[in-house]
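Enquirer: Model the structure of this input:
(chains A and B)
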Amino acid sequence: MGVEEKFPEVVTSKLTDLVGWARKNSLWPMPLGLSCCAIEMMATVGPRFDLSRFGAEVFRFSPRQSDVMIVAGTLTWKMASVARRIYDQMPDPKWVIAMGVCASSGGLYRNYAVVPGVDRILPVDVYTMGCPPRPDTLIRAVMELQKKIDELAIDGRRPREPAYVQ
Amino acid sequence: MADAPANPPTSSSAPTAAPPPPPDPLAAAMTALGAEPQPTTQDGLPVFRVERDAWPSVARAMRHDPQLAFELLIDVAGVDFPKRRPRFEVVYHLWSLTWNKVVRVKVGVPEEDPQVASVVGLWGTADWHEREAFDMVGVKFAGHPDLRRILMPDDYPWHPLRKDFPVEGIDNSISYVRAGGVLMTREIDVDRPAGQDRTPVDLSRGDPAGYSDGTPTLPEEKAK
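Expert: I've put the predicted structure just below:
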């Protein structure tokens, strides 16, 4: 019906869907490798697990070029202001994956030096369990994030319901 | 941390045929400087206790006296003994490369005036070690060129390795990072609907009121 009947080589869509499709398949992560989770994060982009199948293999060590911050590891209070500053430097729209239990809740470090969950300083979109999580789990987190980006309005505003990957 | 009983001196550690003989009179030289020999511990290191006021001159002599020649500072540690007087102790480990001797020097620091002379001018190593001891235990090092915290954030109000400090931290939340301004320049999550925000973790065990049983109050408590 409509345009597609008359011009079979044309596909119609909503601009929102189109932008969301482009966004979710070209996530550029900002790796915040703080401890052992970072090793699994590196494995995730390696050939065995190959995060590039989901378009998220371009790790930028510059916040200006990144969409999603992967907080991989234990965030200390000393590091907290740095992490927040890096997040602030990322352009909108941007997302945060809390990778592993340390980033999600402080993990086994219940002490004065460790931030009990990076959601104290960052709006987390996907929480990931594991100590450290396997690369599969991080891939799952990216896929959950892609689902959320699908629902994103074109101006970047969206419900901030966090996802939990187990 | 109690001192172990003294071991019999071992002869195997004495180097043979070094050009100058090993300084057997180490204890004598240290005593002449005003240091008080202490029973050694299990590791066999000679231990000396030095009065806080005498420490700068003793340190200078240990560094520059060719009979002592402790060129290398291995470690500076602050220790808290809550029931002892003086409460704090700063422990130095010094190594003489010339004489192949390691020595441990302890300086007592009272709680009322937690201050000891810095040795950064003699051993550059002391810089970060003294900063760490200041950060963790709260001993101030007079004359240190840059005595800032090194492990905790700059505006952290406590010294967490003191024995009366709860390991969970006090008010382990966003609040004490506020003063930096960096963290809280923006609302944390403007998009998340109200009620979705995480409430602060209950840290009642880390509550200041819970553990201060006559022990000295912390700065935050005084402010309240």
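Enquirer: Leaving out sequence neighbours, find the closest residue to whichever residue of chain A sits closest to chain B.
Expert: For chain A, the residue closest to chain B is A:Tyr112, as judged by C-beta to the nearest C-beta, at 3.1 Å. The way it works is simple: take the backbone N, C-alpha and C, and place the C-beta from them, glycine included. Nearest residue to A:Tyr112 in three dimensions, chain neighbours excluded: B:Gly169, at 3.1 Å (C-beta to C-beta, 6 or more residues apart in numbering or on different chains).
Enquirer: Does that neighbour touch A:Gly106 like I think?
Expert: No. B:Gly169 is not in contact with A:Gly106 according to C-beta atoms under 8 Å; the separation is 10.4 Å.
Enquirer: so what's B:Leu218 scoring on pLDDT?
Expert: pLDDT recorded at B:Leu218 is 42.
Enquirer: Toward the C-terminus, what is the element adjacent to the helix or strand harbouring B:Met62?
Expert: With secondary structure defined by DSSP states H and E, B:Met62 is part of helix B:55-64. Using DSSP H and E, the helix or strand that follows helix B:55-64 towards the C-terminus is strand B:72-80.
Enquirer: now that following strand against helix B:55-64, angle please.
Expert: Here strand B:72-80 points in a direction 150 degrees away from that of helix B:55-64 (axes from the mean of the first three to the mean of the last three C-alpha atoms, to 10 degrees).
Enquirer: same for strand B:72-80, what does it pack against?
Expert: Secondary-structure packing of strand B:72-80 (3 or more C-beta pairs under 8 Å, 6 or more residues apart in numbering or on different chains; DSSP states H and E): strand B:88-96, helix B:126-137.
Enquirer: Pull the number of nearby residues for the closest residue to chain A within chain B.
Expert: Taking C-beta to the nearest C-beta as the measure, the point where chain B comes nearest chain A is B:Gly169, at 3.1 Å. Here the number of neighbours of B:Gly169 (other C-beta atoms under 10 Å in any protein chain shown) works out to 21.
Enquirer: quick one, helices of chain B?
Expert: For chain B, the helices defined by DSSP state H occupy B:26-33, B:55-64, B:126-137, B:208-211, B:219-223.
Enquirer: of all those, which gets the most neighbours per residue?
Expert: Highest mean neighbour count among the helices of chain B (mean count of other C-beta atoms under 10 Å in any protein chain shown): helix B:126-137, with a mean of 21.
Enquirer: give the contact list for A:Thr138.
Expert: No, residue A:138 isn't Thr; it's Leu. For A:Leu138, the contact set (C-beta atoms under 8 Å, 6 or more residues apart in numbering or on different chains) comprises A:40-41, A:44, A:51, A:70, A:97, A:99, A:128.
Enquirer: just for chain B, where's the confidence low?
Expert: Scanning chain B for pLDDT under 70 picks out B:1-24, B:170-224.
Enquirer: 80 instead, please
Expert: Applying pLDDT under 80 to chain B picks out residues B:1-28, B:153-157, B:166-224.
Enquirer: domain ranges for it?
Expert: Per the record, chain B has its domains at B:30-156, B:166-198, by automatic domain parsing.
Enquirer: quick one: which of those is nearest A:Val142?
Expert: domain B:166-198 (20.2 Å; C-beta to C-beta).
Enquirer: My guess is B:Ala126 contacts B:Glu132. True?
Expert: No. In this structure, B:Ala126 is not within contact of B:Glu132 by C-beta under 8 Å, at 10.4 Å.
Enquirer: shared neighbours, these two?
Expert: Common neighbours of B:Ala126 and B:Glu132, counting by C-beta under 8 Å, 6+ apart, are B:Val76.
Enquirer: buried stuff in the longest helix anywhere in chain A?
Expert: Criterion DSSP H: the longest helix present in chain A is helix A:135-150. For helix A:135-150, burial by neighbour count (16 or more other C-beta atoms under 10 Å in any protein chain shown) applies to A:135, A:137-142, A:144-146, A:148-149.
Enquirer: hey, what's the closest residue to A:Ala103 other than its chain neighbours bridged with?
Expert: Excluding its sequence neighbours, the residue lying closest to A:Ala103 (C-beta to C-beta, 6+ apart) is A:Val71, at 4.3 Å. Here A:Val71 sits in beta bridges with A:Leu32, A:Ala98, as judged by DSSP bridges.
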